[in-house]
Structures are given as structure tokens and as C-alpha cells.
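[1] got a predicted model here, sequence first, then my questions.
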Amino acid sequence: MNNHQGPDGLSRRSVLRAGLMFGAGAAVAPLLSACSPSSGASGSASAGNLGDWTSASIDWKSQQGKTIVFAGSTHQWVTALQPLLPQFQALTGITVKMDISGEEQYGSKLPVALGSGAATPDVFMVPSYGQGVGSGWLAPLDNQLSGKLTDQKWYDLSDVYTAAMDFTKWTDKAHYGLPITAEVQTQIYRTDLIPTPPATFEEVLSTAKSLKDSGKVAAGIALRGKPTAGAVAWPAAGYVFTYGGYIIDPDGKAALSSPETIKGVQMYADILKAGGPAGVSTWDWLEINTAMQQGRAGMMQDSSNALADLKNTSKSKVADKVAGAVFPSVNGVSNPNLWHWIVGINAKSANPDAAWLFLMWATSKPTSLLLAAGGATPPRKSAWSSDAFKAKFGAADAATVQQILEKVDSKPMVASWMHPKWPEVGDAFARAVNTAITSDTTAAQALADAQTTAVKALG
């Protein structure tokens with residue numbers, strides 16, 4: 001979702017799906033169609049004020065003179081990073097060439113380049129972690145994390161949200177990437193229409209129905225309904241996880257027909273039937289975000305990144321009338337879905353140490369503070385607590401989202417989204433959710449078919 005589709009919605013997550021579906025044997029196409037060196041970046045980061053980085057016990061100049069290629073999609077993190085690249089070059093003597101593409105294009109061409117065994121990009125945003133690890137495209141990073149080019153005290157992993165690091169831990173307990181963003185499923189509501197945000201799904205249903213019936217808004221709630229793994233699957237999964245269910249369980253088994261999963265999907269469908277918008281079966285991130293911005297919906301539940309656009313007076317008609325709240329709970333437990341973009345090092349890179357220095361710098365505490373001030377959402381507590389970030393995101397909303405990030409359990413999400421067979425299972429789950437929304441078919445009936453599909457896919 002540029003932030004959110006990459007945030008423009010979930011086209012960013014649709015990138016994950018596209019990436020997963022590309023095989024290593026695809027025909028080779030050139031990746032580096034539009035590389036620009038870091039010297040061409042513009043920005044206000046001072047190349048001379050490097051004390052926050054040189055204080056680390058790291059030989060930043062050990063790879064001086066090297067050139068690395070960073071590949072990524074259009075995203076707010078990249079936008080915030082580019083003006084800082086002259087600082088990295090001054091610190092290390094390493095030149096960074098940036099290869100940035102639109103999200104759909106990136107999700108298509110990256111697997112082609114990596115599948116061909118290309119040594120570049122050296123560092124890249126990972127649209128499909130499962131495929132990246134499974135195909136051997138990502139270098140393991142644990143030796144680097146404990147190696148001579150890391151100052152563990154300075155890097156301070158305790159400052160990184162636990163869920164974010166868990167997100168990058170593969171089934172072999174190794175890390176093949178580092179998280180660069182943090183977003184989590186958040187309840188966003190109109191303060192002029194809803195004095196107190198709903199605390200349970202039953203309250204969400206009642207509030208959404210009342211608002212829609214009142215005629216004050218076209219929809220009491222805006223949620224995704226498009227039947228793909230990159231659309232409705234993400235928010236509906238937050239319902240499933242909060243009810244205690246899984247889509248793919250920790251043992252890699254299909255869990256679509258469990259009582260908890262059925263309850264979550266049925267509630268999601270009931271809420272949309274009672275208070276959702278017309279035509280919701282095709283809605284994705286863009287549609288729900290637009291509905292909220294235009295004042296046509298009373299609330300939404302999606303990525304926390306949406307708050308930035310909804311609070312932007314140049315984009316939103318309700319900028320002064322929206323707030324974030326914690327995701328609803330079941331029996332006092334709330335476990336919304338989440339997402340972290342990951343960056344990793346190409347296992348074929350000829351410059352792994354230079355690439356690691358880039359990761360150290362880009363994900364460090366001082367750089368994260370600068371990125372947060374530039375509108376990114378790094379997965380560090382210090383960044384979310386900073387005055388510069390609060391000024392952009394809103395102090396109250398930053399505190400709300402930070403509260404969610406500190407408590408959320410990423411394991412149910414990781415078990416599904418990081419599985420190599422997620423595209424097939426995710427699409428089956430999404431179709432079942434869509435069927436429950438748009439017909440008289442119960443969630444149990446719809447998920448029974450999805451379970452059959454998932455069992456076959458998982459083997």
C-alpha cells in the first residue's frame with residue numbers, strides 16, 4: 001500500500017500474491033530498467049552530521065568504493081529513504097543505485113531476475129518471503145546480525161517490535177530479512193457519528209447497521225470484499241485470528257473449517273450485510289479508503305497507514321472527524337492482522353558485506369527516526385514515539401496504533417501468508433468470504449469447499 005496497496009491499497013499485498021506465483025524458471029527479463037545512483041537523490045539529510053552512526057562499533061568504510069543496487073516498489077518508505085542516501089554514501093563510501101518500479105511491475109519482474117540467478121539487485125524489498133526463502137534467493141542474516149559489521153548494543157533489537165522480528169523468522173528459526181515498516185489492522189471511525197468506538201464485533205454490527213439505516217452515510221462500515229488473496233483475505237483474517245482461528249495452522253495444515261475460523265468469517269459477512277456499502281463484493285483498499293475520505297462511510301477496519309491519508313486535509317473531507325481505535329475483541333482478546341515490508345540480501349550478491357552495511361544503516365534507530373519524520377512507519381518503538389512522527393501521524397492515533405503493535409501476535413498471519421502455497425489457499429479463503437458476504441450461503445458451507453481446496457494445495 002504505497003503505503004498501503006502498497007497502500008494505495010492492497011495492491012501491495014497483491015504484489016505478494018503476484019510474486020508468489022512467479023516460478024524460478026520464468027523467462028529472463030532485465031530488472032534494471034531505470035537505475036539511478038544515490039548521488040542523484042535530493043534531500044535535506046546532512047552528509048556531514050554522522051555522529052549518531054559513527055558512534056557505533058562498525059567499520060563503515062570497510063566496503064568503500066563498492067556499488068550496490070537496491071530494488072523496490074513505489075512506497076512511502078522508499079520515498080522517505082531516497083533523500084537520505086547521500087548520507088549513507090558519505091558514511092560508507094558505498095554508492096547505491098535505486099531501481100524503483102510500480103508495485104504490480106515490481107512483483108512481476110523481481111522473481112524473473114532472481115530466478116535467473118542474477119547477482120543484482122543486491123538488496124531488495126521482499127514481496128514474497130515464502131518464495132524468496134524457498135527458492136534460495138535470500139541470504140540468511142543471523143551470522144551478519146552477530147558478526148563484526150553489527151554493533152548489537154547500538155542497533156538495539158529490543159527497540160524493534162517483537163511481532164516485526166517474528167514476522168521475519170522462518171520455519172528454521174533463521175532470519176532472511178529485516179522488517180522496514182509496521183502497519184496493523186485498526187478500527188477507524190467518524191468521531192462526529194460514533195462518540196465511542198465499538199469494543200466488540202457485536203457492537204460493530206449494531207453500530208454499522210444503525211448508521212446505515214439512519215441515512216447519514218451510505219455505509220455504516222467499509223470493508224474489503226474482493227475475492228482474492230490480496231484483498232478480502234487480509235482484513236477477514238483479522239476476524240478469524242481474533243476468534244482464535246487460523247487459515248493455515250502452525251503445522252502447515254488447512255484450518256478453514258475450524259469453529260473459530262467459521263465464526264470469524266460469519267461475523268465479517270454479517271457485519272457487511274447489515275451495514276456495508278452497495279457493491280462491496282468488488283471493494284478493495286482503494287474503494288474503502290475513498291469512501292471514508294469522501295465521508296460516505298461511518299467507519300472502516302484496515303491498515304493503520306490509512307490514518308495518514310484520512311487526516312490529510314488535501315485528500316479527506318473528514319480530516320478533523322476521524323480517529324483510530326483498537327481492533328474489536330472476543331472474550332477480551334483482540335488479534336488483528338498486520339503487515340511488515342521486509343528487505344533482504346540477494347543470496348547471489350557479489351557485495352554481501354556492502355549490502356549488509358546498507359541494511360544496518362537503513363534499519364537503524366537513528367535512520368528510522370529520520371524515516372518516520374519523512375512519513376514512513378518503521379517498526380521501531382523509538383520512531384513511533386518520536387515528536388516528528390506524532391506530528392505527522394497524530395499523537396493520539398500514533399499511541400493507539402503503537403499499543404496494538406506492542407500486543408499483536410504475528411504467528412497466525414505468518415503461518416498463512418509466509419507459506420509457499422498461500423496464493424492457492426488465500427484465494428480459496430477469499431472466495432469463501434466473498435460467497436458468505438454476497439449470498440445466503442453460510443460461512444460453514446462456503447469454508448467447507450475452501451477447506452477441500454486448501455487440503456489439496458497443501459498436500
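    All right, it came through fine. Residues are numbered from 1 along each chain as shown.
[2] how near is residue 202 to residue 274?
    To residue 274, residue 202 is 11 Å away according to Cβ to Cβ, to the nearest Å. Every residue, glycine included, has its C-beta placed from N, CA and C.
[3] and these two? Which one has more around it.
    Applying other Cβ atoms under 10 Å to residue 202 and residue 274 shows that residue 274 carries more neighbours, namely 18 against 14.
[4] may I have the secondary structure class of the more buried one?
    When classified by DSSP: H, G, I helix; E, B strand; the rest coil, residue 274 comes out as helix.
[5] what does residue 99 give?
    Taking three-state DSSP, the label given to residue 99 is strand.
[6] what pairs with it across the strands?
    Taking DSSP bridges as the rule, residue 99 bridges to residue 35, residue 71.
[7] before we move on, what about residue 95?
    Counting by DSSP bridges, residue 95 forms beta bridges with residue 67.
[8] I'd say it and residue 64 touch.
    No: checked against Cβ atoms under 8 Å, the pair residue 95 and residue 64 is beyond contact range at 10.1 Å.
[9] quick one: which of the two has more around it?
    Each of residue 95 and residue 64 has its neighbours counted (other Cβ under 10 Å); residue 95 has more, 17 against 12.
[10] how about the nearest residue to residue 170, chain neighbours excluded?
    Nearest-residue entry for residue 170: residue 133, 5.3 Å, with adjacent residues in sequence omitted and distances by Cβ to Cβ, 6 or more residues apart in numbering.
[11] burial count for that neighbour?
    By the criterion of other Cβ under 10 Å, residue 133 has 23 neighbours.
[12] got the CA coordinates for the host helix or strand of it in PDB?
    Secondary structure from DSSP states H and E places residue 133 in helix 129-134. Taking Å, rounded to 0.1, in the frame of the first residue of the first chain, the C-alpha atoms of helix 129-134 are listed here in PDB:
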ATOM      1  CA  TYR A 129       9.100 -14.000   1.700                       C
ATOM      2  CA  GLY A 130       8.000 -17.600   1.300                       C
ATOM      3  CA  GLN A 131       9.100 -17.700  -2.300                       C
ATOM      4  CA  GLY A 132      12.300 -15.800  -1.600                       C
ATOM      5  CA  VAL A 133      13.400 -18.300   1.100                       C
ATOM      6  CA  GLY A 134      12.100 -21.400  -0.600                       C
END
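[13] tell me what the residue nearest the centre of the chain is bridged to.
    By Cα atoms, centre = their mean, the chain has its centre lying nearest to residue 339, at 3.1 Å. Taking DSSP bridges as the rule, residue 339 bridges to residue 183.
[14] for residue 304, see how far away it is.
    Residue 339 sits 10 Å away from residue 304 when distances are taken as Cβ to Cβ.
[15] shared neighbours of these two, which are they?
    Common contact partners of residue 339 and residue 304 (Cβ atoms under 8 Å, 6 or more residues apart in numbering): 183, 184.
[16] quick one: residues contacting the residue lying closest to residue 383 once chain neighbours are set aside.
    Leaving aside its sequence neighbours, residue 383 sits nearest to residue 372 (Cβ to Cβ, 6+ apart; 3.9 Å). Contacts for residue 372 (Cβ under 8 Å, 6+ apart) come out as 378, 383, 384, 386, 388, 389, 392.
[17] just the element for residue 372, please.
    Using DSSP H and E, residue 372 falls in helix 365-373.
[18] for the contacts of residue 372, which one is nearest residue 283?
    The shortest gap between residue 283 and any of the contacts of residue 372 belongs to residue 392, at 27.4 Å (Cβ to Cβ).
[19] what about the closest one, neighbour count?
    By other Cβ under 10 Å, the residues close to residue 392 number 17.
[20] what's near enough to touch it?
    Counting by Cβ under 8 Å, 6+ apart, residue 392 touches 308, 372, 373, 375.
[21] phi, psi of the last one?
    Here is the backbone geometry of residue 375 (degrees, to the nearest 10): phi 100, psi 0.
[22] cool, and the first one?
    In terms of degrees, to the nearest 10, the main-chain angles of residue 308 are phi -60, psi -50.
[23] and for it, the neighbour number?
    Neighbour tally, residue 308, other Cβ under 10 Å: 20.
[24] for residue 289, see how far away it is.
    Going from residue 308 to residue 289 by Cβ to Cβ gives 11 Å.
[25] do the third one as well
    Residue 373 sits 24 Å away from residue 289, taking Cβ to Cβ as the criterion.
[26] neighbour count winner among the two?
    residue 289 (28 against 16).
[27] helix, strand, or coil at the more buried one?
    Taken by three-state DSSP, the conformation at residue 289 corresponds to helix.
[28] so residue 350 touches residue 119, yeah?
    Yes: at 5.0 Å, residue 350 and residue 119 qualify as touching, with contact defined as Cβ under 8 Å.
[29] let me see the ranges of the helices in the stretch 151-300 of the chain.
    For the stretch 151-300 of the chain, applying DSSP state H, counting those that start in this stretch gives helices covering 152-155, 162-167, 201-214, 233-242, 259-275, 285-293.
[30] format these as JSON lines; extra columns: mean pLDDT.
    Conversion of the helices of the stretch 151-300 of the chain to JSON lines gives the following (pLDDT from 0 to 100):
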{"stretch": "helix 152-155", "mean pLDDT": "98"}
{"stretch": "helix 162-167", "mean pLDDT": "92"}
{"stretch": "helix 201-214", "mean pLDDT": "98"}
{"stretch": "helix 233-242", "mean pLDDT": "98"}
{"stretch": "helix 259-275", "mean pLDDT": "98"}
{"stretch": "helix 285-293", "mean pLDDT": "94"}
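[31] any idea which of the ones you listed is most buried?
    helix 233-242 (a mean of 28; mean count of other Cβ atoms under 10 Å).
[32] quick one: that helix to chain centroid distance?
    14 Å (Cα atoms, centre = their mean, to the nearest Å).
[33] next one: stretch 269-284
    Between the centre of stretch 269-284 and the centre of its chain there are 23 Å (Cα atoms, centre = their mean).
[34] mind listing residues that contact it?
    Counting by Cβ under 8 Å, 6+ apart, 5, 9-11, 201, 204-205, 207-212, 218-227, 231, 291, 296-298, 433-434, 436-438, 443 sit against stretch 269-284.
[35] where in the chain is pLDDT low?
    For the chain, residues meeting the criterion pLDDT under 70 lie at 1-48.
[36] any idea how far residue 116 is from the most far-flung residue of it relative to its centre?
    Most distant residue from the mean C-alpha position of the chain: residue 214, 34.7 Å away (Cα atoms, centre = their mean). Look at residue 214 and residue 116: by Cβ to Cβ, they are 58 Å apart.
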